[in-house]
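Q: Turn this into a model:
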Amino acid sequence: MKISTWPGAIALAAVVTVGGATSATALGPTADQRLDGVIVVAGNTCTWTNAHTSADPPSALSVDRTTINTPGGNLGCNGSITATLNNNPAFTFDDAAGLARTDAIDITGKQSFISCRYKATNITWNRDAATRRYVNQAFTASKVSGSFLCPGSVTTAAGDASMLFH
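A: Numbers count the residues shown, from 1 in each chain. Model prediction:
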């Protein structure tokens with residue numbers, strides 16, 4: 001895995017298809033103020049389940065990073081990458097347009113001894129039909145800190161991340 005490609009995918013989000021969770025209807029209330037996420041990071045998959053949110057969509061909400069990051073959460077990646085969410089992302093929803101927006105996602109990714117921190121702002125997510133699953137539009141994250149081996153910015157392609165509110 002090339003170090004120049006993996007931080008970009010992590011910088012999404014969360015952020016990032018989600019399996020195994022029950023989706024709610026697009027316009028109805030969701031059940032338990034939880035969020036599952038998946039992101040593909042240079043061929044490695046990072047996932048988490050049952051992160052806590054402050055409200056149910058379509059109400060504006062924030063995601064509690066302590067329920068994503070270990071030890072309180074279950075964020076894990078296959079392969080040799082680890083990731084940590086550094087902020088509590090805020091989401092707003094436009095049900096009529098089928099969109100969600102995130103104010104910022106701030107992520108640190110580590111591989112071996114190399115650490116890279118990236119921040120992306122104003123991320124737009126497309127709702128998947130009549131569910132509360134949202135898939136990212138392409139975005140670019142800027143390097144906040146880390147090794148000189150980390151690129152200055154990275155781009156996450158559309159569809160490389162998704163969130164499922166339930």
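Q: how about residue 66, phi and psi?
A: Dihedral pair for residue 66: phi -70, psi -20, per degrees, to the nearest 10.
Q: Report how many residues lie close to the residue nearest to it when sequence neighbours are not counted.
A: Distances taken as Cβ to Cβ, 6 or more residues apart in numbering place residue 72 nearest to residue 66, at 4.6 Å, with adjacent residues excluded. (C-beta placed from N, C-alpha, C; glycine too.) Residue 72 is flanked by 13 other residues according to other Cβ atoms under 10 Å.
Q: cool, residue 108 as well?
A: When neighbours are counted by other Cβ under 10 Å, residue 108 registers 20.
Q: ok, it touching residue 75?
A: No. Residue 108 lies out of contact with residue 75 (Cβ atoms under 8 Å); the separation is 11.4 Å.
Q: Now do the shared contacts for the two.
A: 83-84 (Cβ atoms under 8 Å, 6 or more residues apart in numbering).
Q: For the residue nearest to residue 66, which three-state class applies?
A: coil (DSSP: H, G, I helix; E, B strand; the rest coil).
Q: give me phi/psi at it?
A: Per degrees, to the nearest 10, the backbone of residue 72 is at phi -80, psi -30.
Q: Give me the distance between it and residue 85.
A: Going from residue 72 to residue 85 by Cβ to Cβ, to the nearest Å gives 11 Å.
Q: likewise residue 122?
A: 17 Å.
Q: Those two: who's more crowded?
A: Using other Cβ under 10 Å, the more surrounded residue of residue 122 and residue 85 is residue 85, with 26 against 9.
Q: tally of neighbours for the nearest residue to that one once chain neighbours are set aside?
A: The shortest distance from residue 85 to any non-neighbouring residue, by Cβ to Cβ, 6+ apart, is to residue 65 (4.3 Å). When neighbours are counted by other Cβ under 10 Å, residue 65 registers 22.
Q: All set now, cheers.
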